[in-house]
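Asks: Got a sequence here, can you build the structure:
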Amino acid sequence: MLSAKIDKLRESLSCVTYRGDQHAHILIEETDVSAKLRKVTLTTPNGDWISINPDKGRGKLAKMSPLLAVSDNSNAKHGHHCACDNVIFLVRNDKLTVIYIDLKSNNPTGYANQFKSTRQFVHYAIALIEEFHALKLMITDERYIVLWGGKPTSLNKTTTVAKPEKLTKTAPDKAYKREISNGEKIYLKELLS
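Replies: Sure, this is the predicted structure:
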């Protein structure tokens with residue numbers, strides 16, 4: 001069951017993809033047909049979490065502000081307008097963790113502005129819920145993860161578990177990077193160490 005806070009956040013976002021009271025996985029997909037890393041599945045326990053796809057929340061007709069509109073010239077005016085591929089909101093021990101995930105093929109670069117822009121959107125959404133619904137959602141942990149690669153799955157692949165200090169000391173321009181194969185399944189708990 002989702003807590004009242006996470007459920008209110010879910011109701012406030014049009015780009016929710018999965019929820020912890022109904023799903024045990026999160027499928028992250030890249031829509032660019034030229035990408036080598038097109039799909040990753042995070043195996044998750046049921047719990048108090050939701051995931052969103054920020055790209056689903058963007059479009060040519062953003063009604064709140066031209067800052068949110070996507071058009072051929074919007075990036076020239078507002079270079080920050082981009083988003084990462086997935087965001088997970090997770091309540092653990094009554095604390096809110098937000099995990100920003102971006103998929104990259106080959107060389108994992110060009111993700112900092114995507115993380116920064118998405119982080120601002122997340123903070124804005126949470127502030128609206130606090131202001132208008134009197135629900136306090138304090139982010140206690142934010143993590144920035146780049147999953148990159150896209151090679152076919154290898155039979156000799158070994159699991160890479162990150163050291164906790166590498167995951168807890170991330171920033172939009174200093175994300176934790178992990179090479180994975182296209183279609184690979186990883187456990188969400190590996191990103192929560």
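Asks: and C84, what element?
Replies: Taking DSSP states H and E as the definition, C84 sits outside all helices and strands.
Asks: Excluding chain neighbours, what is closest to it?
Replies: Once flanking residues are discounted, C84 sits nearest to D102: 4.1 Å by CB to CB, 6 or more residues apart in numbering. For every residue, glycine as well, the C-beta is placed using N, CA and C.
Asks: how much space between the one you found and N93?
Replies: When distances are taken as CB to CB, to the nearest Å, D102 and N93 turn out to be 26 Å apart.
Asks: between the two, which one's more packed in?
Replies: Per other CB atoms under 10 Å, whichever of D102 and N93 has more neighbours is D102, with 25 against 6.
Asks: for the more buried one, helix, strand, or coil?
Replies: Classification of D102 using DSSP: H, G, I helix; E, B strand; the rest coil returns strand.
Asks: Wait, a strand at R119?
Replies: No. Using three-state DSSP, the assignment for R119 is helix, not a strand.
Asks: which residues does S51 contact?
Replies: V16, T17, Y18, R19, I26, N86, V87, I88, F89 (CB atoms under 8 Å, 6 or more residues apart in numbering).
Asks: Touching, the third one and I28? I think so.
Replies: No. Judged on CB atoms under 8 Å, Y18 makes no contact with I28 at a distance of 9.8 Å.
Asks: picking that back up, closest one of the contacts of S51 to K163?
Replies: Of all the contacts of S51, K163 sits closest to I88, with 20.3 Å by CB to CB.
Asks: pretty sure the residue nearest to C84 contacts R143?
Replies: No. Counting by CB under 8 Å, D102 sits too far from R143 to count as a contact (11.8 Å).
Asks: can you count the residues close to T44?
Replies: When neighbours are counted by other CB under 10 Å, T44 comes out with 20.
Asks: List the residues that contact it.
Replies: Residues in contact with T44 (CB under 8 Å, 6+ apart) are G20, H23, A24, H25, I26, Y187, L188.
Asks: show me the contacts for A4.
Replies: Taking CB under 8 Å, 6+ apart, we find A4 in contact with L135.
Asks: How about stretch 95-113, which residues are buried there?
Replies: Buried residues in stretch 95-113, counted by 16 or more other CB atoms under 10 Å: 96-105, 108, 111-113.
Asks: Switch the residues you listed over to JSON lines; also include pLDDT and distance to L147.
Replies: Listed next are those as JSON lines, based on pLDDT from 0 to 100; distance: CB to CB, whole Å:
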{"residue": "L96", "pLDDT": "95", "distance to L147": "22"}
{"residue": "T97", "pLDDT": "96", "distance to L147": "17"}
{"residue": "V98", "pLDDT": "97", "distance to L147": "17"}
{"residue": "I99", "pLDDT": "97", "distance to L147": "11"}
{"residue": "Y100", "pLDDT": "97", "distance to L147": "11"}
{"residue": "I101", "pLDDT": "96", "distance to L147": "6"}
{"residue": "D102", "pLDDT": "95", "distance to L147": "7"}
{"residue": "L103", "pLDDT": "94", "distance to L147": "5"}
{"residue": "K104", "pLDDT": "93", "distance to L147": "7"}
{"residue": "S105", "pLDDT": "89", "distance to L147": "10"}
{"residue": "P108", "pLDDT": "89", "distance to L147": "9"}
{"residue": "Y111", "pLDDT": "92", "distance to L147": "11"}
{"residue": "A112", "pLDDT": "92", "distance to L147": "16"}
{"residue": "N113", "pLDDT": "89", "distance to L147": "18"}
